[in-house]
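> Show me how the following folds:
(chains A, B and C)
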Amino acid sequence: MFFKSKVYRKSLLKSLLFVLPGVILTVVFVIYPVINTFWLSLNKWNGIGGAPVTWVGLENYIKTLTSEKFWNSMLNALYFTIGGFVVLMPIAFGLALLVTSKMRGTKFFKAAYLMPVMLGTTAVGLMWTFLLNADYGVLAQFLKFIGKPEWIINWLATPTVNIWCVVLVNEWMYAGYNMLIFAAGIVAIPDEVHDAALLDGCTGLKKIIYITVPLCKNMFMVFSVLCITGCLKAFDIVWAMTNGGPMDSSATPAILLYTQGFQYKLMGRSGAISIILLVLGLVLSIFLNQVIFKQEDM
Amino acid sequence: MKKKLLAAMLTLAMTASMGTMVYAEDAVDYDVENREYNDVTITLHTRWDEADTSGPLYKAIVEGFMEKYPGITVETIAIPTESEWLNSESVLMSDPASMPNVIVEYGGSRVAGYVEQNLVVNMDPYFEQYPEWPDRFNALGTSMVDFTNYGYEGTYGVPFTAYEVMLFYNEDILNENGIDPASLQSWDDLMAACETLKANGVQPFEMGEKDDYRFGHLHSALNYKTYGCDMAEKLGSREVLYDGEEQTAVYQMIIDAADKGYLGTNLLGIDDGQERSLFNTGKAAFLFMGTWFCAEDHSGLELFDNQKIHALRMPYVNEEYKYHDMGGGNEAYYAIDTGDADEVAASVLFLKYLTSEEVCNTFAAGYPAPMSVNVTTDAGNYLSQEAAAVIAETTDVRGDIENYDTATHMINTVRQALQGIAMGSSAEEVGQTIVDLIAEYE
Amino acid sequence: MNKYIIKSGIKKGAQYFIAIFMAVVTFFPLIITFINSFKNNEQILLGMFSLPEVWNFSNYPDAIRIANALKSITNSLLVAVATLIVTIVIAMPAAYAIARKSFGYLKVVYILFMAGVMVPVHCTLVSVSKISSTLGSKNSYLFLVLIYTAFNLSQAIFLFSGYISGLDRGLDEAAKIDGCGDLKLLTVILLPICKPILATEAILVFIYGYSELIFSLILITDSTKYTVSRAMLNFTANYTTSYGPQFAFVIMSMIPMLIIYLILHEKVEAGMLAGAVKG
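Model prediction:
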């Protein structure tokens, strides 16, 4: 008994040493700042060191949840999610079908589609801002060329249109990455299934709908989790392309918490948005995880 | 463990602050020139842009200072993009441990917030120590260092460059369209000229409202030109309301001009840089801009080589306020009280060096923009001399009107609401947006 | 039969058409940016489609000179490599303990790491800046790397522990019978097996570390230490009105990533596939 407990203690100590560095980093740089943010979200503070921090209770939350700007930013996050499911998912899945098919050059195509994710968000955002410029950008020039100059609008400055531009650029960047997720699922389908399908005369689109998609269910789940949690936090690509403007029209919740905090100097408000975002993300991912585990049990 | 650390830090902080307190009571040494500096490092938080004409000049100032005072090292944080510069300043100023020693700012409520927390060094005792120093400044920059409106006596910081918002025009374009620049006295004259230009297929303005300070400046300038400079204080104290009649009238002036297409063809699609390059290449007849425009690098541009670009006073709306303009200090340098006497002294010394005669003359020669500091140099291009002549007649100036409000968020709130004009908002909507946001942020 | 061949021919044709079309969509923006990086302002303002009349090669030296492009690219590469090494060194043992040990507290630790995924990065700025100045670690790459690591741990531990859980425990048992301790088991036996997932995480961390902006903006103030995103941002500031060098900088910042990708793309793909299956 004593012996066992000694081994047990030693093993416990060892496991502790294994996780400790990670725990310390997480506590110092992630957990402590979050607790600090939570504290600020219950207070009013102008962000100046030494300035009074006044307790206001839930006021920041109430004002955030009744603010038009906040809901507009949530709508933009929703657009991101819709874009993910309606645009990114079909494209990524289609590309996955292509690169796992028997056509020639799949290696090249796979490499090509995956490339944008490597380029870095700032560079990609900057590049597309140039390309979408209404004066000299590629799209504008193309519309002039086909004789539809009246279609040229200021894409990045028109509400709703601008957030969709950003969403589409985001999909451009991540299509290849998500393609790999689906490709992994498709490759994992056993050959026998394909053969059986062929014998039953199940080919082409039919096969995709009735065989491939259901068997890739897990991949769709993985995609959903990544997509929803990613969309809620979207910041970099929006900041690089529109700074959230004009008039916060393309701001996502993450952009809003940044500008409210550091430009408007409403640190309490910014904290409230952070906490709402964090809680929402946790709830959503726990919910999705539950769904996934249930699916796997079935 | 954590408790111990905390206790230790607390003790440290207490002794440190007590140390300075004792020191402050004993005798603060305002004679920063004759102080011994051993390995003092100060940090400057600036918006300097290495790629701009002024970039190398600022760099030379820092290098010259370090050469003259070898005991002091100056570290510079330079972030030229406005939003990132502001965010960085906000983060650094959020905690005493991270505060820079000198910040570049524009006065107004943001700096007033720092003054309120006793974070900005009051320059008055230093000016007493060196009586000739305050004489170096002209009246242009006063508003940036004077916070009596906010209830704080004293002089906080030193103003450096100055500006006035003006109307620049392209002589060739006006000639071709039969417009006499001398006739452009009132806003109505200007609008009439715009109508003529537009009818002849010439674009009057190409404003870059993607940078939302463009309409912000237009709004401020039109206010001063309509109601006089006092409007800044009236609006700031909320004696006049943002959704009141006076302000709605100003929004309407901008809306009328924008709706007729005078202000630009792609308001939200271009930024202020593109705005200038369009004007510089003859794509627009007018440019509404601060005088920093005169100092920019225009080498190789035909219009400047042939002296076809000229400066005019911003037209008045109400003749009474013809000589009231938007302008003043363009940037000021504020020494931050970090609690370290050596650092504060070194920072003040840097400000003194920055505003000294030789340094300013060299700077102004390389960057011919108006200064809040007296300079004796006749260097400068024809355009900056024209601008100087306009400034000389100005009787009263104010800066961004939103900055006279005590709420720090106003400058962003108002500029954003004005951006709505480019997106089709009505004058009432602009006022309503501002008032709603004020209520929300109270 | 004939009909079948025609049908499959059309199908094949459509496949290739779509594949090539998508490849064009992917490459086209890059090619346009590349072409425009050789133009001057007037030519760019005339429209981005056309080839430059005069090839303006000076944009590249300009970007290198004014924005210190090469230095910042080197800095970013250094930070990215350091981050990926530190992340793996810290995450791998933690993931091993979580996947293979059954102490109750490890579940809590795992949840702690996972919750980190949902934290909006920007709400930590004030606190991180405070910690940095308390420790006097402004301009320290080490501090920056530690923060990058902290924000990559969730993902790394998620991927690693998932992968290790999927491995046969028999392997561990056999090793233990041979007298392998935990550390040896981890480094000698598991590490080589985990190569695909390590490659995945390495690439993801590398991309993050190379292009991260916000923390580098707040923590790195010495212009000789600027990272790529930071330097690019400075370069596109208000007063810089010539576009050619900006395009050139964008292209230059992409080159190291493209080279790494060209050399490693098969491993990257394999790794990402492995990661995706387990994730």
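
> how far away is the residue nearest the centre of chain A from chain B?
Note on chain A: the residue nearest the mean C-alpha position is A:Gly230, at 2.0 Å, using C-alpha atoms, centre = their mean. To chain B, A:Gly230 is 23 Å away according to C-beta to the nearest C-beta, to the nearest Å. From N, CA and C alone the C-beta is placed, and that goes for glycine too.

> what residues does chain B put near chain A?
B:83, B:86-87, B:90-91, B:93-96, B:98-99, B:110, B:113-114, B:116-119, B:209-210, B:212, B:266-270, B:274, B:408-409, B:412-413, B:416-417, B:419-420, B:422-423, B:440-441 (C-beta under 8 Å from any C-beta of the partner chain).

> what's around whichever residue of the stretch 151-279 of chain C sits closest to chain A, how many residues?
At 3.2 Å from chain A, C:Ser211 is the closest residue in the stretch 151-279 of chain C, using C-beta to the nearest C-beta. Using other C-beta atoms under 10 Å in any protein chain shown, C:Ser211 has 25 neighbouring residues.

> For the residue in the stretch 151-300 of chain B that chain A sits nearest to, give its distance to C:Phe34.
Chain A sits closest to B:Leu268 of the stretch 151-300 of chain B, with a gap of 3.1 Å, by C-beta to the nearest C-beta. Distance from B:Leu268 to C:Phe34, counting by C-beta to C-beta, to the nearest Å: 28 Å.

> got it, and C:Ala199?
Taking C-beta to C-beta, one finds C:Ala199 at 29 Å from C:Phe34.

> So the two - more neighbours on which side?
Shown here are C:Ala199 and C:Phe34; by other C-beta under 10 Å, C:Ala199 has more neighbours (19 against 15).

> The more buried one belongs to a strand?
No - under DSSP: H, G, I helix; E, B strand; the rest coil, C:Ala199 falls outside any strand and is assigned helix.

> Would you quantify the distance from it to C:Leu258?
As for C:Ala199, its distance to C:Leu258 is 18 Å (criterion: C-beta to C-beta).

> The residue of the stretch 151-300 of chain B closest to chain A reaches A:Asn154, doesn't it?
Yes - between B:Leu268 and A:Asn154 a contact is recorded at 5.2 Å, counting by C-beta atoms under 8 Å.

> which residues of chain C fall in helices?
Applying DSSP state H to chain C gives helices spanning C:2-36, C:41-45, C:59-66, C:69-100, C:104-115, C:125-135, C:141-165, C:169-177, C:182-184, C:191-193, C:195-211, C:214-219, C:228-235, C:243-278.

> hmm, who's touching the third one?
Residues from elsewhere that reach helix C:59-66, judged by C-beta atoms under 8 Å, 6 or more residues apart in numbering or on different chains: B:50-51, C:37-39, C:69-70, C:235, C:242, C:244-249, C:252.

> Pick out the residue in the stretch 51-200 of chain C sitting closest to chain B.
C:Ser133 (3.5 Å).

> Next, work out how far apart that residue and C:Ser58 are.
To C:Ser58, C:Ser133 is 41 Å away according to C-beta to C-beta.

> Show residues contacting stretch C:90-104.
A:11-12, A:15, A:17-19, A:21-23, A:25, C:106, C:109-110, C:113, C:149, C:152-153, C:156-157, C:160-162, C:164-165, C:169, C:172, C:182-183, C:186, C:190-191, C:194, C:198, C:201.

> Which members of those are classed as buried?
Buried by 16 or more other C-beta atoms under 10 Å in any protein chain shown: A:15, A:18-19, A:21-23, A:25, C:106, C:109-110, C:113, C:149, C:152-153, C:156-157, C:160-162, C:164, C:172, C:182, C:186, C:190, C:194, C:198, C:201, out of these.

> State whether B:Phe288 is indeed within a strand.
Yes - under three-state DSSP, B:Phe288 falls within a strand.

> So what sits opposite it in the bridge?
Counting by DSSP bridges, B:Phe288 is bridged to B:Leu167.

> hmm, back to that, quick one: which of the contacts of helix C:59-66 is nearest B:Pro70?
Nearest to B:Pro70 among the contacts of helix C:59-66 is B:Glu50, at 24.5 Å by C-beta to C-beta.

> Hmm, that closest one is touching B:Ala78, no?
Yes - counting by C-beta under 8 Å, B:Glu50 touches B:Ala78, with 6.9 Å between them.

> Need the residues that contact stretch A:139-152.
A:131-134, A:155, C:47-49.

> any idea which of these is the one closest to B:Ala295?
Checking these against B:Ala295 by C-beta to C-beta gives A:Asn133 as the nearest, at 27.3 Å.

> Name the helix or strand for the closest one, please.
Of the helices and strands defined by DSSP states H and E, none includes A:Asn133.

> mind checking how far it is from C:Gln155?
For A:Asn133 relative to C:Gln155 (C-beta to C-beta), the value is 35 Å.

> okay, now the nearest residue to A:Met179 once chain neighbours are set aside: neighbour count?
Spatial nearest neighbour of A:Met179, chain neighbours left out: A:Leu95 (4.0 Å); criterion: C-beta to C-beta, 6 or more residues apart in numbering or on different chains. By other C-beta under 10 Å, the residues close to A:Leu95 number 25.

> that's a helix at A:Leu95, yeah?
Yes - under three-state DSSP, A:Leu95 falls within a helix.

> contacting residues around it?
Applying C-beta under 8 Å, 6+ apart to A:Leu95 gives the contacts A:109, A:113, A:175-176, A:179, A:182, C:22.

> Check B:Leu287 too.
B:Leu287 sits next to B:167-169, B:205, B:275-276, B:279, B:293 when contact means C-beta under 8 Å, 6+ apart.

> count of residues packed around the spatially closest residue to B:Asp180 that is not a sequence neighbour?
Using C-beta to C-beta, 6+ apart and skipping the chain neighbours, the partner closest in space to B:Asp180 is B:Leu174 (7.5 Å). The tally of other residues near B:Leu174 (other C-beta under 10 Å) stands at 22.

> now swap in C:Ile131 and tell me
Neighbour count of C:Ile131, defined by other C-beta under 10 Å: 20.

> so how far is chain C from the most centrally placed residue in chain B?
What sits nearest the mean C-alpha location of chain B, by C-alpha atoms, centre = their mean, is B:Asn330, with 3.5 Å. Distance, B:Asn330 to chain C, by C-beta to the nearest C-beta: 13 Å.

> surely that residue meets B:Phe160?
Yes - between B:Asn330 and B:Phe160 a contact is recorded at 7.5 Å, counting by C-beta under 8 Å.

> Now the common contact residues for those two.
Residues touching both B:Asn330 and B:Phe160 (C-beta under 8 Å, 6+ apart): B:Ser372.

> Okay, now the unreliable bits of chain A?
Residues of chain A that meet the criterion pLDDT under 70 lie in A:1-4, A:292-298.

> Could you check the pLDDT of C:Ala95?
As predicted, C:Ala95 sits at a pLDDT of 93.

> who are the neighbours in contact with the nearest residue to it once chain neighbours are set aside?
Once flanking residues are discounted, C:Ala95 sits nearest to C:Phe160: 3.4 Å by C-beta to C-beta, 6+ apart. By C-beta under 8 Å, 6+ apart, C:Phe160 lies in contact with C:91-92, C:95-96, C:99, C:194, C:197-198, C:201.

> at 10 Å instead, please
Contacts of C:Phe160 were listed using C-beta atoms under 10 Å, 6 or more residues apart in numbering or on different chains, and they are C:88, C:91-96, C:98-99, C:190, C:194, C:197-198, C:200-201, C:275, C:278.

> ok, now A:Phe182?
When contacts are counted by C-beta under 10 Å, 6+ apart, A:Phe182 touches A:89, A:92-97, A:99-100, A:212-213, A:216, A:219-220, A:222-223, C:276.
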